[in-house]
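A.B. asks: got a structure for you, letters missing:
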Ligand SMILES: Nc1nc2c(ncn2[C@@H]2O[C@H](COP(=O)(O)OP(=O)(O)OP(=O)(O)O)[C@@H](O)[C@H]2O)c(=O)[nH]1
Ligand SMILES: [Mg+2]
């Protein structure tokens, strides 16, 4: 019967890095059921950062990045020998379980994440993460815009108004009403990253009778990400 398992031999191309993107299934409904704060719910963001940290410790990607209900993981060493069914199913189910454990509340429905695998290399890695970070910023402007409009108008009027506005119109409207998006927390504008960071350790070398510097890495959750640039990805060994 093994021959019926026709997808089990599908593998990621050899010598390729991959990005895996996970996205919460129907989290619009989950946000309603859990009565998440709009536009940003700090507990939800905290949980998503903890899920990234769990993923990082279990599967050792080079980088994990999250905003809203999505997570991107960059791998240089392929998990499960590059087997696509294994990677998608195990990592998506691990993500859902970690989300449930870290949230520790009563859900109306079991939360789930979809997942996709993107083979990617070189400067396209930077392009990919810039693309997601731009989306994070668009999401930030739009969600503040719609929250503000809904505080003034009915839901349908607010939706109609925002549909006719571009990002700079929304920015301007918020600014005129005392909300300056430049002043809000960095993670809302740029997302949250998890990666390995080196700690400098100065110890005493008895044999040579002098101080010696060494480095030990630890998993770091960055709530103050810069705008993504080449140097950032060089520093984490991604390009
Ligand atoms: N209230 C609130 N909602 C949030 C927050 N972060 C994410 N969400 C919700 O998560 C949704 C994520 O968008 P999508 O992934 O496009 O929508 P989805 O409902 O998950 O649909 P699918 O991904 O297609 O299954 C947003 O539309 C919000 O409703 C938050 O901090 N507060
Ligand atoms: Mg979603």
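C.D. replies: Received, thanks. Quick caveat, the model's predicted, so the values are computed rather than measured. Ligands and ions are numbered 1, 2, ... in the order given.
A.B. asks: so what pLDDT did the residue at minimal distance from the centre of the chain get?
C.D. replies: Geometric centre of the chain, nearest residue: residue 66, 1.3 Å, by Cα atoms, centre = their mean. For residue 66, the pLDDT comes out at 98.
A.B. asks: residues in contact with it?
C.D. replies: Shown in contact with residue 66 (Cβ atoms under 8 Å, 6 or more residues apart in numbering): 48-49, 51-52, 72, 191-192. All C-beta atoms are positioned from the backbone trio N, CA, C, and that covers glycine.
A.B. asks: okay, the residues you listed in a markdown table with pLDDT next?
C.D. replies: Converted to a markdown table, these look like this (pLDDT from 0 to 100):
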| residue | pLDDT |
| --- | --- |
| 48 | 98 |
| 49 | 98 |
| 51 | 98 |
| 52 | 98 |
| 72 | 99 |
| 191 | 98 |
| 192 | 98 |
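A.B. asks: can you give me the helices in this structure?
C.D. replies: 27-33, 42-59, 84-103, 123-150, 155-163, 167-176, 186-190, 230-235 (DSSP state H).
A.B. asks: out of the ones you listed, which gets nearest to residue 205?
C.D. replies: helix 230-235 (27.5 Å; Cβ to Cβ).
A.B. asks: tell me where the model's unsure across the protein.
C.D. replies: Within the chain, no stretch has pLDDT under 70.
A.B. asks: what parts of it come near ligand 2?
C.D. replies: Where the chain comes near ligand 2, counting by Cβ under 5 Å from the ion, the residues are 23-24, 27, 69.
A.B. asks: widest-spaced pair of these?
C.D. replies: Using Cβ to Cβ, these reach their maximum pairwise distance at 23 and 27, which is 8.1 Å.
A.B. asks: which residues do these two both contact?
C.D. replies: residue 69.
A.B. asks: more crowded one of these two?
C.D. replies: More crowded of residue 23 and residue 27, by other Cβ atoms under 10 Å: residue 27, with 20 against 17.
A.B. asks: for this structure, what lies in contact range of ligand 1?
C.D. replies: 23-28, 31, 36-38, 40-41, 44, 68-69 (Cβ under 6 Å from any ligand atom).
A.B. asks: of those, which is the most crowded?
C.D. replies: Busiest of these [other Cβ under 10 Å] is residue 24, holding 22 neighbours.
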